[in-house]
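[1] Dropping a prediction and its sequence here:
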Amino acid sequence: MNPVMTFMMLSSLILGTLITISSSHWLMAWMGLEISTFAIIPLMTQKHHPRATEATIKYFIVQTAAATLLLFVTASNAWLTGQWEIQQINHPLLLFTITIALALKMGLAPLHAWFPEVLQGLNLSTGLILSTWQKIAPFSLMYQISTSNTTLLIIFGLTSILMGGWGGLNQTQLRKILAYSSVAHLGWMMLVMQYKPQLAFLAFIMYIVLTAPMFLTFIFIQSTTINSLSISSTKIPIISATAPLMLLSLGGLPPLTGFLPKWAILTELTKQNMMTVATMAALSALLSLYFYLRLSYAMTLTSSPNNTSAMLPWRINNTQNTLLLAASIPLSLLMLPISPSMLAFLFH
């Protein structure tokens, strides 16, 4: 793609998200969501491949349906109450419908089926944008209306954790595994959204911090399937040491960074006397941990073949810029010691 066009699309992507998160008017928020949607479509189709075109069409249809439903609900609310303010939706049916629309935009289960299919058709760099940046705008809207829809968010949260774990068990494609991982992490955020929105925001930040280096790692070693991970040690050996730690951090094992949001969310659910929900969420997280361990096994405990084609990559000079990867890996592994400071900053 032309560099000027790439710059315009990325600028529009950032602008659309900033408009949504800074607006208090539903029409402005909807406009920001539409700008973000239309800005990412050229990035998704920059590789003129039938699979990328299919993924783009699926994404466009789903996002258009969600945006249309969102606009219909907000217009109905304005007709009933005369208010366009985001926090002025009080009618139960309208709250239910708008939560459905935002869940469809983010890819929450059981409205998640489009997300793994779309992500599978994209390259890893566009997939990184879709999995992280594109979720900020609908998450900010869900953040503002979350206090009024407790039961539905708990159902979405538990279903997402469960489906995110089950869906990733049978996959061999790394992009689909990361998609189901995203669904599961969003479920954890929804569980605590109505009780402590700040904690859901912390979990979202941690999700971005953990997911971005995994995408950057797979971009660097040019792997899209589990089988191709077995020769990653021949491309750059240190990746075989750091990537499994990042995967275990995504799974939420101490003393890695990913333990912080899960531990804090389970603690908050316990304080709210929701022992059953906390237990179901913790047990469902074991499903996700299994496929993280599966990827770790493929990278560290599988011997790569010692043939010419497998040994060749380390002889080729890699020209990729690794600064962002090198900066994000320590964040994904070593942020747990400063967690008390982060929690104190958010809650006081």
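    Happy to help now that I have it.
[2] ok, and for stretch 5-13, which residues are buried?
    9, 12-13 (16 or more other Cβ atoms under 10 Å). From N, CA and C alone the C-beta is placed, and that goes for glycine too.
[3] gap between that stretch and the chain center?
    Chain-centre distance of stretch 5-13: 21 Å, with Cα atoms, centre = their mean, to the nearest Å.
[4] One more: stretch 79-86?
    31 Å.
[5] For that stretch, list every residue counted as buried.
    Quick answer for stretch 79-86 (16+ other Cβ under 10 Å): 84, 86.
[6] Between the two ends of that stretch, what distance do you get?
    End-to-end distance for stretch 79-86: 14 Å, by Cα to Cα, to the nearest Å.
[7] Residue 336 and residue 258: what is the separation?
    9 Å (Cβ to Cβ, to the nearest Å).
[8] Looking at those two, which one has more neighbours?
    Neighbours were counted for residue 336 and for residue 258 using other Cβ atoms under 10 Å; residue 258 has more, 27 against 17.
[9] Next, count neighbours for residue 255.
    Residue 255, neighbours per other Cβ under 10 Å, totals 10.
[10] Residue ranges in the stretch 1-150 of the chain under the pLDDT threshold?
    146-149 (pLDDT under 70).
[11] now the stretch 201-348 of the chain
    The model of the stretch 201-348 of the chain has pLDDT under 70 over residues 233-235, 303-320, 348.
[12] What segments of it are strands?
    For the stretch 201-348 of the chain, applying DSSP state E, counting those that start in this stretch gives no strands.
[13] could you show me where the helices are in it, in order?
    Remark: helices assigned in the stretch 201-348 of the chain by DSSP state H, counting those that start in this stretch are 226-229, 232-235, 237-251, 259-271, 275-300, 308-311, 323-334, 339-347.
[14] For residue 92, find the nearest of the ones you listed.
    Closest to residue 92 of the helices of the stretch 201-348 of the chain is helix 275-300 (Cβ to Cβ; 21.5 Å).
[15] which helices and strands does that closest one pack with?
    On a contact count with 3 or more Cβ pairs under 8 Å, 6 or more residues apart in numbering; DSSP states H and E, helix 275-300 meets helix 150-169, helix 174-193, helix 226-229, helix 237-251, helix 259-271.
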